[in-house]
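[1] Have a look at this fold, sequence not included:
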């Protein structure tokens with residue numbers, strides 16, 4: 001049995017790799033190991049580890065590495081703490097391959113630890129172009145990784161242009177699309193879904209009426225601007241006059257600025273018809289994307305899941321710059337008037353047709369099958 005160690009560091013990590021975890025768990029030739037770390041262990045960011053356990057995945061190790069403050073300094077230090085702790089975890093678990101997801105700071109710690117320990121490293125969702133420090137992290141991990149699982153053809157070609165062996169680059173699609181396809185095609189899940197137990201605070205949402213879904217995260221290279229950015233988004237949503245479900249930001253540097261802006265808006269009594277949640281289970285979030293009149297903010301879910309679902313998206317600012325997008329996305333700057341106008345336009349258009357640029361819903365199974373027989377060359381030979 002080949003032991004596959006999957007490291008989950010955040011709610012975005014989990015939704016991006018859950019289908020692969022299930023595929024590995026059910027594969028006859030593979031043994032699943034799960035490491036939960038960083039904000040996935042934090043109640044402040046929705047206690048993702050509880051969802052992992054509830055979904056039937058045992059957690060083999062936990063790495064507490066997240067320093068509060070959400071500044072560039074604490075993000076760098078948190079990465080260092082992860083790099084201090086992960087080698088001991090890998091030494092104990094003795095995985096045959098480590099899987100790291102995407103482009104976050106805990107992801108680079110995972111990549112460095114595994115590569116330095118001569119453990120084959122698999123990287124999902126590499127090769128993409130975006131804003132923030134995420135792009136630098138993503139490309140750096142590609143240079144550490146021994147096998148690559150990009151989510152789109154454009155990303156596959158970029159990884160090869162970075163000098164990686166084409167035989168190690170497998171375009172499988174995005175595992176997050178697997179969840180979307182499974183949830184939206186499952187009639188039993190649809191019929192049992194109810195958004196009435198979301199938790200959170202604020203005005204209740206009337207689910208029989210149109211609503212906005214707001215998910216906006218800090219842009220690390222624009223540190224210090226987050227409060228003004230989220231305030232502008234909330235103001236624009238209020239001007240439109242629709243009810244809105246607002247999600248808390250992730251743990252990147254600048255998260256406190258976003259959170260401060262949300263609290264300020266609420267404390268000023270301006271958050272009329274708005275409900276605020278720290279975190280949503282993956283299937284609930286997908287149903288929200290399917291039901292919302294428009295997703296507003298800068299979450300990659302608008303680019304990825306949104307294209308497959310056909311969700312109207314207003315993408316605010318630079319966080320997703322350069323990432324492949326479907327016709328469902330309307331890009332705007334941070335101005336209140338720009339955001340408001342774009343929301344009104346997207347709401348008037350309504351649902352878009354499906355655009356499967358990030359996969360067809362089979363990525364997890366395809367990755368598991370490849371990991372079961374792949375031969376890993378620890379000494380990489382880069383061709384330029």
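    Structure received. None of the values given here were measured: they were computed from a predicted structure.

[2] in stretch 78-94, what's buried?
    78, 79, 81, 82, 83, 85, 86, 89, 90, 93 (16 or more other CB atoms under 10 Å). Placement of C-beta: from N, CA and C, glycine included.

[3] Can you give the contact residues for it?
    Taking contacts as CB atoms under 8 Å, 6 or more residues apart in numbering, the residues outside stretch 78-94 that touch it are 3, 5, 7, 33, 35, 37-38, 60-61, 63-67, 98, 105-106, 108-110, 112-114, 116-117, 119.

[4] Sort out for me which of the residues you listed are in helices.
    With helices taken from DSSP state H, the overlap with the contacts of stretch 78-94 comprises 105, 106, 108, 109, 110, 112, 113, 114, 116.

[5] what about stretch 110-128, distance to the chain center?
    Distance of stretch 110-128 from the chain centroid (CA atoms, centre = their mean, to the nearest Å) equals 18 Å.

[6] Now the terminal residues of it, how far apart.
    19 Å (CA to CA, to the nearest Å).

[7] Flag every buried residue along it.
    Buried residues in stretch 110-128 (16+ other CB under 10 Å): 110-115, 119-128.

[8] Pick out whichever of those residues sits closest to residue 350.
    Nearest to residue 350 among the buried residues of stretch 110-128 is residue 128, at 27.9 Å by CB to CB.

[9] So the closest one: helix, strand or coil?
    coil (DSSP: H, G, I helix; E, B strand; the rest coil).

[10] What segments of the protein are helices?
    11-25, 48-54, 72-93, 105-116, 134-144, 153-161, 175-185, 187-192, 226-240, 255-267, 282-291, 300-309, 336-349, 363-373.

[11] could you redo these as a markdown table and give each row mean pLDDT?
    Below are these laid out as a markdown table (pLDDT from 0 to 100):
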| stretch | mean pLDDT |
| --- | --- |
| helix 11-25 | 93 |
| helix 48-54 | 93 |
| helix 72-93 | 95 |
| helix 105-116 | 95 |
| helix 134-144 | 93 |
| helix 153-161 | 95 |
| helix 175-185 | 89 |
| helix 187-192 | 64 |
| helix 226-240 | 97 |
| helix 255-267 | 94 |
| helix 282-291 | 90 |
| helix 300-309 | 93 |
| helix 336-349 | 98 |
| helix 363-373 | 97 |
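
[12] Check the ones you listed for me and report the most buried one.
    helix 300-309 (a mean of 26; mean count of other CB atoms under 10 Å).

[13] Quick one: list the elements packing against it.
    helix 175-185, helix 282-291, strand 294-297, strand 313-316, strand 329-332 (3 or more CB pairs under 8 Å, 6 or more residues apart in numbering; DSSP states H and E).

[14] The last one: how far from the chain's middle?
    A distance of 19 Å separates the centroid of the chain from that of strand 329-332, by CA atoms, centre = their mean.

[15] Repeat that for the first one.
    Here the centre of mass of C-alpha atoms in helix 175-185, compared against the chain's by CA atoms, centre = their mean, lies 14 Å away.

[16] how big is the angle separating that helix from helix 282-291?
    70 degrees (axes from the mean of the first three to the mean of the last three CA atoms, to 10 degrees).

[17] So what angle separates the directions of helix 175-185 and helix 363-373?
    130 degrees.

[18] Remind me what helix 175-185 packs against, helices and strands.
    helix 11-25, helix 282-291, helix 300-309, helix 363-373.

[19] got the angle between the third one and helix 134-144?
    Interaxial angle, helix 300-309 versus helix 134-144 (the same axes, to 10 degrees): 80 degrees.

[20] hmm, who's touching helix 300-309?
    12, 15, 130, 151, 174, 176-177, 180-181, 184, 215, 285-286, 289-290, 295, 311, 313, 315, 320, 323-326, 328-329, 354-359.

[21] returning to that earlier point: which members of the buried residues of stretch 110-128 are the farthest-apart pair?
    Farthest pair in the buried residues of stretch 110-128, by CB to CB: 119 and 128, 24.2 Å.

[22] about what we covered before: which single one of the ones in helices among the contacts of stretch 78-94 is nearest to residue 169?
    Of the ones in helices among the contacts of stretch 78-94, the one sitting nearest to residue 169 (CB to CB) turns out to be residue 114, at 18.2 Å.

[23] Disregarding flanking residues, what is the spatial nearest neighbour of that closest one?
    Using CB to CB, 6 or more residues apart in numbering and skipping residues adjacent in sequence, the residue nearest residue 114 is residue 98, 4.1 Å away.

[24] Please tell me how far residue 297 sits from residue 219.
    Distance of residue 297 to residue 219, given as CB to CB, to the nearest Å: 11 Å.

[25] what do you get for residue 316?
    In terms of CB to CB, residue 316 sits 10 Å off from residue 219.

[26] Now do the shared contacts for those two.
    229, 298.

[27] Which one of the two is surrounded by more residues?
    residue 316 (29 against 26; other CB atoms under 10 Å).

[28] can you give me phi and psi for the nearest residue to the more buried one once chain neighbours are set aside?
    Setting aside the residues directly before and after it, residue 316 is nearest to residue 298 in space (CB to CB, 6+ apart), at 5.3 Å. The phi and psi values for residue 298, taken as degrees, to the nearest 10, are phi -140, psi 20.
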